[in-house]
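In: model this:
(one chain, ligands or ions: 2)
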Amino acid sequence: MTDNIEKTIIHLNNVTKKFVSHDVEITALQDIELKIQQGEYVAINGPSGCGKSTLLSLMGLLDTPTSGQYLIHGVNTRELSGDQQAELRNLHLGFVFQSFNLIDELSVYDNVALPLTYRDQALSKQEIKDRVVRALSQVGMEHRIAHKPNQLSGGQQQRIAIARALAGEPSILLVDEPTGNLDSKNGDAVMDILSQLNAQGTTICMVTHDPRYASHAKRQIALLDGKIVTTQPSFQSPEPIAAVYS
Ligand SMILES: Nc1ncnc2c1ncn2[C@@H]1O[C@H](COP(=O)(O)OP(=O)(O)OP(=O)(O)O)[C@@H](O)[C@H]1O
Ligand SMILES: [Mg+2]
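Out: Ligands and ions are numbered 1, 2, ... in the order given. Now for the predicted structure:
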């Protein structure tokens, strides 16, 4: 992993995002400069409405900047067609959202396998099976492979959603408020899984408005009114986190 630590996966270069609705212009993000290297665990935190999800949507190629450049592995995404962007998204980006977005009618296995069947390069049935089993064991859920999502706790469902993202073997996991629908016990369990995944080499960018959970990341970026106000390396003690908000 140390060999790759300098490898830049994500580079937002002077990115601004504006929305216009009902003739009112909202600057959701302004002049964002951000690089994420392979192996990092970055938390983006800040109060409601400060632009966290907008930032993650841009990183996930779910939306485009109003101005500025967004590069993934050095590729300027603005120069790509819709199909090429979709391919880049499939190959490099894994998503985990606050709502688990699992399909209740499908087994855990089929939920995790489903996105793999839509990929451009066809994977064989055996490759899909290997990936699903590997991803489920990474989140400690291989023993629930035949269950349906509604037979699982919220925390377990979120772990399945993480496995679904991991099965695509993404360069980076983009995670938006992963504990928002969970009680603190299940929330803590999901945060432990993310920390373990990062320790095993998975690159993570997690959005949270909870400073306690942000402290799990190795780098914290605080957003306020669409701007990066502080960037902190890892803390040895949890106390300074509160200072970001004081
Ligand atoms: N599609 C949209 N159209 C218009 N305005 C939008 C749109 N999406 C987001 N915004 C505005 O952009 C700003 C940032 O929103 P965003 O969802 O990124 O905030 P957030 O930090 O994720 O908040 P929360 O913690 O509540 O999830 C807000 O003022 C929001 O109203
Ligand atoms: Mg949000």
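In: can you pull the contacts of the residue nearest the centre of the chain?
Out: Nearest to the mean C-alpha position of the chain, counting by CA atoms, centre = their mean, stands Leu174 at 1.2 Å. Listed by CB atoms under 8 Å, 6 or more residues apart in numbering, the contact set of Leu174 reads 56, 59-60, 93-96, 205. (C-beta placed from N, C-alpha, C; glycine too.)
In: Taking those together, which two end up most distant?
Out: Within those, Met59 and Val96 form the most distant pair, 13.0 Å apart (CB to CB).
In: ok, back up a step: looking at the contacts of Leu174, which is nearest ligand 1?
Out: Nearest to ligand 1 out of these is Leu56 (CB to the nearest ligand atom; 7.8 Å).
In: Give the other helices and strands that the one helix or strand that closest one maps to contacts.
Out: Assigned by DSSP states H and E, Leu56 belongs to helix 52-59. Helix 52-59 sits against strand 8-21, strand 24-37, strand 41-45, strand 172-176, strand 203-208, with contacts defined as 3 or more CB pairs under 8 Å, 6 or more residues apart in numbering; DSSP states H and E.
In: what is the residue nearest to the centre of the chain paired to in the beta sheet?
Out: Leu174 has the following beta-bridge partners by DSSP bridges: Phe95, Cys205.
In: how far away is it from ligand 1?
Out: Here the criterion is CB to the nearest ligand atom, to the nearest Å. By it, Leu174 lies 13 Å from ligand 1.
In: and the protein, which residues reach ligand 1?
Out: For the chain, the contact set with ligand 1 under CB under 6 Å from any ligand atom comprises 19, 21, 26, 28, 48-54, 209.
In: Now for Leu223: which residues touch it?
Out: Neighbour list for Leu223: 44-46, 50-52, 55, 229 [criterion: CB under 8 Å, 6+ apart].
In: hey, where'd the strands end up in the chain?
Out: Ranges of strands in the chain, per DSSP state E, are 8-21, 24-37, 41-45, 67-72, 75-76, 93-96, 172-176, 203-208, 219-224, 227-232.
In: Nice, that's everything, thank you.
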